[in-house]
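> Here you go, sequence then predicted model.
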Amino acid sequence: MTLSHLTGVTLGVVLTAATALAQPPPPLAVEASVSTSYLVFLRSQPVGREEVAVVRQADGWIVRGSSRQGPPIDITTRVAEVIYDTEWRPRSMLVDGIVRGQDVTLKTTFADGKASNVIAVQGAPQTKVDAVSADTIVLPNAFLGSYAALARRLVGKTVGAELHGYIAPQVELPIRVTAVTTQRIDTAKASITATQYSVAIVNPPPAAELAMFVWIDKGGELLRMSIPAQTLEMAREDIASAAARTAAFTVPGDEAVLIPASGFNIAATITKPAGAKGPLPAIVLVGGSGPTDRDETVAGIPVFGQIARDLVAAGFVVVRYDKRGVGQSGGRIESVTLNDYAEDARAVVQWLKNRKDVGRKQIGVVGHSEGASVALMVAARERDNVAGIALLAGLSTTGAALVLEQQQHALGLMKITDAEKAEKTALQTQINAAVLGQGKWDGVPDGVRRVADTPWFQSFLSFDAAKAMKDVRQPILIVQGELDTQVPPHHADALAEQARARKNKTDVQVVKIPGVNHLFVPAKTGEVSEYASLGNDAKVSSAMTTAVAEWMRKTMASSR
């Protein structure tokens, strides 16, 4: 996977650059230089490292660096250099690297509205000329460090501003600013004020816009960039550390705490109502899949931050936490499973149980998406300590069945033939079977296997909501967004049937919220591709948080 996926243009190779070509002119007198190390992540797994320098010279700027990105990306960039003038108009680019075992080179000059490329693969040169804007931002797809130039150009931009990026050497695309917010990133050594720019890379039709998030400091240095649709992220080394946390949302009364878990600490925030006296009911929020922070920030929307705010206002003590290996929580994610996540949530419940400001038998667990599955597991193991659970957009099938259901939905949106759809479905079915030990990996690309063949994916595919439900004795609230396309509404009805079929007849309630998506945010289509366009000011539905608060209050009152 490379940034060539930003467009539908395919040149047959991932393009980088060449030592065989002429070297750039010697550098001018340097006025200032900022050198930075970044870590690259794919599907939350570290896959590479980039060294990047932004050099200020008397007559312009140079963005220079090198990188090594392991499988499945598998690109080594020996040297990359993009030269701009003082107004950040590009002059030239040189990149030299190895792409999946092949020497690939690229040299580009910019003049008269054109990008003139000389591309060499294994020494065989080709030429290509593209029309570009005079102030285009050069973004070679083998060097993520080039986004340091985008960071500099974003400084001071407001919503609606439009830049242009040349995805070298493929095509120039508009880059539109869709939201601007201020955040705080806490590291082990400092607290950094960051500006997060949400941008949309406008692909040619029929491709959809691609959402990207870029964080910069007050000096314009790139701190972090993320492309959710590609599960690709790059972050400055200190920010990528488990000791760092982005504080995008705060609730009055937030208190940072560390909760002992299995050999590490879970970093969390506990929030109590203002002026609270005596033991109060408490709620633990359990996040969805992926590297979820305590605010469950998705596409810039702090889902759990907003839920916590409303539940605290309703009189509950609320705990939200960084998943293991995320933010400031310890632990590692390479071998994590759903069972491990359930044990982490149990550790939070046990910690709350021992607090004097929390009512006895008044602890509820609210799980969102994958967190709903975890909540079922926690409830089954903590029957004496969990009074009730709320399942927000939870699956009702096995994980394997949901993956195929989601794939069919995605294929339905693609303009491909039925034969191509059948081929992709067969491949996903084979992958699922191989991960579960029920099939073979024959013919599955190595890169795909490396991403899929993980303990977490195996545990997710094998999870069966119906089986998990049989072990739960507590009352259950099921909340579903009617526009949810990730876990469609029929799952709520199936979960309710499973819950009501239990031998013990505890309360089961279903609430469906019209007009909201998987994040419980008002939307038009509910598609994942729409998330970024909702903006950082998107609000989680108060109908959902009110339903949870009222049901939990009633359930905990009867459990005393």
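Everything's here; your move. Numbers count the residues shown, from 1 in each chain.

> Paired strands for the host helix or strand of residue 52, with orientation please.
Element membership of residue 52 [criterion: DSSP states H and E] is strand 45-57. Here strand 45-57 is paired, per DSSP bridges, with strand 30-42 (antiparallel), strand 60-69 (antiparallel).

> Can you tell me which of those is nearest to residue 322?
strand 30-42 (15.6 Å; Cβ to Cβ). Every C-beta, even on glycine, is put in place using the N, C-alpha and C of the backbone.

> quick one: average pLDDT of the closest one?
The average pLDDT for strand 30-42 rounds to 73.

> so where's the stretch 151-300 of the chain shaky on pLDDT?
188, 205-207, 241-248 (pLDDT under 70).

> which stretches of it form strands?
162-167, 171-186, 191-201, 210-216, 222-227, 232-236, 245-247, 255-260, 265-271, 280-286, 297-298 (DSSP state E, counting those that start in this stretch).

> Adding mean neighbour count and distance to residue 500, write these out as JSON lines.
Output for those, formatted as JSON lines (neighbours: other Cβ atoms under 10 Å; distance: least, Cβ to Cβ, whole Å):
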{"stretch": "strand 162-167", "mean neighbour count": "21", "distance to residue 500": "53"}
{"stretch": "strand 171-186", "mean neighbour count": "18", "distance to residue 500": "42"}
{"stretch": "strand 191-201", "mean neighbour count": "20", "distance to residue 500": "42"}
{"stretch": "strand 210-216", "mean neighbour count": "22", "distance to residue 500": "39"}
{"stretch": "strand 222-227", "mean neighbour count": "23", "distance to residue 500": "41"}
{"stretch": "strand 232-236", "mean neighbour count": "22", "distance to residue 500": "42"}
{"stretch": "strand 245-247", "mean neighbour count": "22", "distance to residue 500": "40"}
{"stretch": "strand 255-260", "mean neighbour count": "14", "distance to residue 500": "34"}
{"stretch": "strand 265-271", "mean neighbour count": "23", "distance to residue 500": "33"}
{"stretch": "strand 280-286", "mean neighbour count": "26", "distance to residue 500": "23"}
{"stretch": "strand 297-298", "mean neighbour count": "23", "distance to residue 500": "31"}
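
> in the stretch 401-550 of the chain, which spans are helices?
418-435, 446-452, 455-462, 465-470, 490-500, 542-558 (DSSP state H, counting those that start in this stretch).

> any idea which of those scores lowest on pLDDT?
When I compare those, helix 446-452 is least confident, with a mean of 82.

> which residues touch that helix?
1, 42-43, 71-72, 74, 431, 434-435, 441 (Cβ atoms under 8 Å, 6 or more residues apart in numbering).

> For that helix, C-alpha coordinates in PDB please.
Taking Å, rounded to 0.1, in the frame of the first residue of the first chain, the C-alpha atoms of helix 446-452 are listed here in PDB:
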ATOM      1  CA  ASP A 446       1.900 -12.200   1.400                       C
ATOM      2  CA  GLY A 447       1.100  -8.600   2.400                       C
ATOM      3  CA  VAL A 448      -2.600  -9.400   2.900                       C
ATOM      4  CA  ARG A 449      -1.700 -12.400   5.000                       C
ATOM      5  CA  ARG A 450       0.600 -10.400   7.200                       C
ATOM      6  CA  VAL A 451      -2.100  -7.900   7.900                       C
ATOM      7  CA  ALA A 452      -4.900 -10.400   8.400                       C
END
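
> List the buried residues in it.
450-452 (16 or more other Cβ atoms under 10 Å).

> returning to what we had before: and the strand holding residue 52, how far out from the chain's middle?
21 Å (Cα atoms, centre = their mean, to the nearest Å).

> now swap in stretch 252-267 and tell me
That offset, for stretch 252-267, works out to 22 Å (Cα atoms, centre = their mean).

> Alpha carbons of it, as PDB, please.
Provided in PDB are the C-alpha atoms of stretch 252-267 (Å, rounded to 0.1, in the frame of the first residue of the first chain):
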ATOM      1  CA  PRO A 252     -15.300  19.800  33.500                       C
ATOM      2  CA  GLY A 253     -14.000  17.700  36.400                       C
ATOM      3  CA  ASP A 254     -11.800  15.400  34.300                       C
ATOM      4  CA  GLU A 255      -9.200  13.700  36.400                       C
ATOM      5  CA  ALA A 256      -6.400  11.700  34.900                       C
ATOM      6  CA  VAL A 257      -5.800   8.300  36.600                       C
ATOM      7  CA  LEU A 258      -3.700   5.200  36.100                       C
ATOM      8  CA  ILE A 259      -5.500   1.900  36.600                       C
ATOM      9  CA  PRO A 260      -3.500  -1.300  37.300                       C
ATOM     10  CA  ALA A 261      -4.100  -4.000  34.700                       C
ATOM     11  CA  SER A 262      -2.300  -7.200  33.700                       C
ATOM     12  CA  GLY A 263       1.300  -6.100  34.000                       C
ATOM     13  CA  PHE A 264       0.800  -2.500  32.900                       C
ATOM     14  CA  ASN A 265      -1.300   0.500  33.700                       C
ATOM     15  CA  ILE A 266      -4.400   1.700  31.800                       C
ATOM     16  CA  ALA A 267      -4.400   5.400  31.400                       C
END
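
> What is the neighbour count of residue 525?
Residue 525: 11 surrounding residues under other Cβ atoms under 10 Å.

> how much space between the residue lying closest to it once chain neighbours are set aside and residue 519?
Using Cβ to Cβ, 6 or more residues apart in numbering and skipping the chain neighbours, the partner closest in space to residue 525 is residue 483 (7.1 Å). Separation of residue 483 from residue 519 (Cβ to Cβ, to the nearest Å): 10 Å.

> So which of these two has more stuff around it?
residue 519 (28 against 22).

> wait, what's in contact with that one?
Contacts of residue 519 (Cβ under 8 Å, 6+ apart): 298-299, 301, 303, 481, 531, 538, 540.

> same thing but at 7 Å, please
Residue 519 makes contact with 298, 301, 303, 531 under the criterion Cβ atoms under 7 Å, 6 or more residues apart in numbering.

> The last one contacts residue 299, correct?
So the one you mean is residue 531. Yes: the criterion here is Cβ atoms under 7 Å, and residue 531 meets it with residue 299 at 3.8 Å.

> what touches both of these two?
Common neighbours of residue 531 and residue 299 (Cβ under 7 Å, 6+ apart) do not exist.

> Model confidence for the closest residue to residue 81 other than its chain neighbours, exactly?
Once flanking residues are discounted, residue 81 sits nearest to residue 64: 4.6 Å by Cβ to Cβ, 6+ apart. Looking at residue 64, its pLDDT is 94.

> Could you do residue 21 as well?
Residue 21 is given a pLDDT of 31.

> which residues does the closest residue to residue 85 other than its chain neighbours contact?
In space, residue 85 comes closest to residue 60 once its chain neighbours are excluded; the distance is 4.3 Å by Cβ to Cβ, 6+ apart. Residues near residue 60 by Cβ under 7 Å, 6+ apart: 83-86.

> Take those and keep only those in strands.
83-85 (DSSP state E).

> I figured residue 70 hits residue 46, correct?
No: at 8.7 Å, residue 70 does not count as touching residue 46 under the criterion of Cβ under 7 Å.

> related to what we said a few turns ago, any idea how far residue 83 is from the residue nearest to residue 85?
From residue 60 to residue 83 the distance is 7 Å (Cβ to Cβ).

> again, but for residue 399
49 Å.

> same deal with residue 126?
For residue 126 relative to residue 83 (Cβ to Cβ), the value is 22 Å.

> Which one's more surrounded, these two?
With neighbours defined as other Cβ under 10 Å, residue 126 and residue 83 compare such that residue 83 has more, 24 against 13.

> rewinding a little: deepest in the core, which of the strands paired with strand 45-57 is it.
Of all these, strand 60-69 carries the top mean neighbour count, a mean of 22, counting by mean count of other Cβ atoms under 10 Å.
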